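**Student:** Below: sequence and its predicted model.
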Amino acid sequence: MDKKKIIFFWISLAYLYLCAKFKCLVSKIVPYSINVGGELLSLEVPIVMGILNATPDSFYQHHEGTEAIALRTRQMLEEGATILDIGACSTRPGSSPIDEKEEMQRLRQSLHIVRQEAPNAILSIDTFRANVAKMCVEEYGVQMVNDISGGEFDKKMFITVAGLGVPYVLTHNATIDETDNAQFMAIFLRSIGSKVEELHELGMCDVIVDPGFGFSKTLNQNYVLMQNLEVLHELDLPLLVGLSRKSMIYKLLDTNPEEALNGSTALHTIALTKGAHILRVHDVKEATQCIKIVNKLNECPIWASKIW
């Protein structure tokens, strides 16, 4: 081996060592965890949040009745869901929200069944109403609030959740009339960043950021956001991605929610490579498999493409 090859060989080894070292350091810098019911839930390895729609008008899948809800609960937990996200008010585009009283009634029925079926499960409530969130946490021990409005639909939400002391999923749900991609991302970060500051000022520690795929965004804006997803790590908070079977997938592919699993899986994989901590999904088994595959890739060393 001549001198040139020897030098390149040692440079390559040094490069590999630094890559591995940097990867290790990055994983240790922010070992995210959230407090759920007094216990720390580690997000060092991504987890799955399974969707349970206790409403008859969701855009994909709904579960009504004792047996259907119990079966869905068992299925998601058996397939690897860490958190169950229960919603009783459809937020699909074009839907008419039910009133607060009906939402509470649906949730009381659903949570009673879920708690009987899985008393120790980590539950999240999908609601934009502060009173509903308060009822679910205080009466059924729900450990997390997932608000698709980012505090916009009910101005009492931030102060209520801060008082409850449970993790809060802050979703970006605001229209940005900007066609320039760079400007869109800059406005997006300022918008969600200001809400993070507001929550921190109220004493909220466990804030999880959801970029809000499908909410108040054009098809192109959704994909610009996905392409630049890692930028959200500037907020120094756990990242939840919820795009399962949404229109950004089936409209692009000219199909429907029922046929959008493959597209969902593709985007879940991309989101994981960009640092997503929680996948909110309809298809728990497939999302769990995505996580397992990406984790295996992350365990493998990066090797120089060619050694002279």
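**Tutor:** Sure thing, it's come through.

**Student:** Could you use CA atoms for every contact and neighbour count after this?
**Tutor:** Fine.

**Student:** And the residue nearest the centre of the chain, its phi and psi?
**Tutor:** When Cα atoms, centre = their mean is applied to the chain, the residue found nearest the centroid is residue 240 (2.3 Å). The phi/psi pair for residue 240 (degrees, to the nearest 10) reads phi -110, psi 140.

**Student:** my guess is it meets residue 208, correct?
**Tutor:** Yes: judged on Cα atoms under 8 Å, residue 240 makes contact with residue 208 at a distance of 6.6 Å.

**Student:** what residues are shared contacts of these two?
**Tutor:** residue 169 (Cα atoms under 8 Å, 6 or more residues apart in numbering).

**Student:** who touches stretch 184-192?
**Tutor:** Contacts for stretch 184-192 (Cα under 8 Å, 6+ apart): 172, 176, 178, 221, 225, 232.

**Student:** in which helix or strand would I find the residue lying closest to the third one once chain neighbours are set aside?
**Tutor:** Spatially, and ignoring its direct neighbours in sequence, residue 178 is nearest to residue 184 (5.6 Å; Cα to Cα, 6 or more residues apart in numbering). Assignment of secondary structure by DSSP states H and E places residue 184 within helix 181-201.

**Student:** quick one, strands of the stretch 201-308 of the chain?
**Tutor:** 207-210, 240-241, 278-281 (DSSP state E, counting those that start in this stretch).

**Student:** Quick one: mean pLDDT over the last one.
**Tutor:** Model confidence over strand 278-281, given as mean pLDDT, is 98.

**Student:** Then the shortest one?
**Tutor:** In this model, strand 240-241 has an average pLDDT of 98.

**Student:** Show me how far it is from its chain's centre.
**Tutor:** Relative to the centre of its chain, strand 240-241 is centred 2 Å away, using Cα atoms, centre = their mean, to the nearest Å.

**Student:** cool, the first one as well?
**Tutor:** From the chain centre to the centre of strand 207-210 is a distance of 8 Å (Cα atoms, centre = their mean).

**Student:** Likewise for the last one?
**Tutor:** Put simply, strand 278-281 sits 5 Å off its chain's centre (Cα atoms, centre = their mean).

**Student:** helices or strands up against the lengthiest strand in the chain?
**Tutor:** Once the chain is assigned using DSSP state E, the strand that runs over the most residues is strand 47-53. Judged by 3 or more Cα pairs under 8 Å, 6 or more residues apart in numbering; DSSP states H and E, the packing partners of strand 47-53 are helix 66-79, strand 83-87, strand 278-281, helix 284-299.

**Student:** mind showing which ranges of the chain have poor pLDDT?
**Tutor:** Residues of the chain that meet the criterion pLDDT under 70 lie in 1-31, 57-64, 92-95, 304-308.

**Student:** Helices of that one, start to end?
**Tutor:** Under the criterion DSSP state H, the chain contains helices at 3-29, 66-79, 100-117, 130-140, 157-164, 181-201, 219-227, 247-250, 261-273, 284-299.

**Student:** can you list those helices in JSON lines and add mean neighbour count and distance to residue 51?
**Tutor:** Converted to JSON lines, these look like this (neighbours: other Cα atoms under 10 Å; distance: least, Cα to Cα, whole Å):
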{"stretch": "helix 3-29", "mean neighbour count": "13", "distance to residue 51": "28"}
{"stretch": "helix 66-79", "mean neighbour count": "16", "distance to residue 51": "8"}
{"stretch": "helix 100-117", "mean neighbour count": "17", "distance to residue 51": "13"}
{"stretch": "helix 130-140", "mean neighbour count": "18", "distance to residue 51": "16"}
{"stretch": "helix 157-164", "mean neighbour count": "19", "distance to residue 51": "21"}
{"stretch": "helix 181-201", "mean neighbour count": "15", "distance to residue 51": "24"}
{"stretch": "helix 219-227", "mean neighbour count": "17", "distance to residue 51": "21"}
{"stretch": "helix 247-250", "mean neighbour count": "22", "distance to residue 51": "17"}
{"stretch": "helix 261-273", "mean neighbour count": "19", "distance to residue 51": "14"}
{"stretch": "helix 284-299", "mean neighbour count": "16", "distance to residue 51": "9"}
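
**Student:** wait, which of those helices is closest to residue 38?
**Tutor:** Residue 38 sits nearest to helix 157-164 of all the helices of the chain, at 12.4 Å, using Cα to Cα.

**Student:** How about residues contacting that closest one?
**Tutor:** By Cα under 8 Å, 6+ apart, helix 157-164 touches 128-130, 133-134, 137, 145, 151, 168, 199, 202-204.

**Student:** Just give me how far it sits from the chain centre.
**Tutor:** Counting by Cα atoms, centre = their mean, helix 157-164 comes out at 20 Å from the chain centroid.

**Student:** Stretch 165-174 now?
**Tutor:** Worked out by Cα atoms, centre = their mean, stretch 165-174 lies 10 Å from the chain centre.
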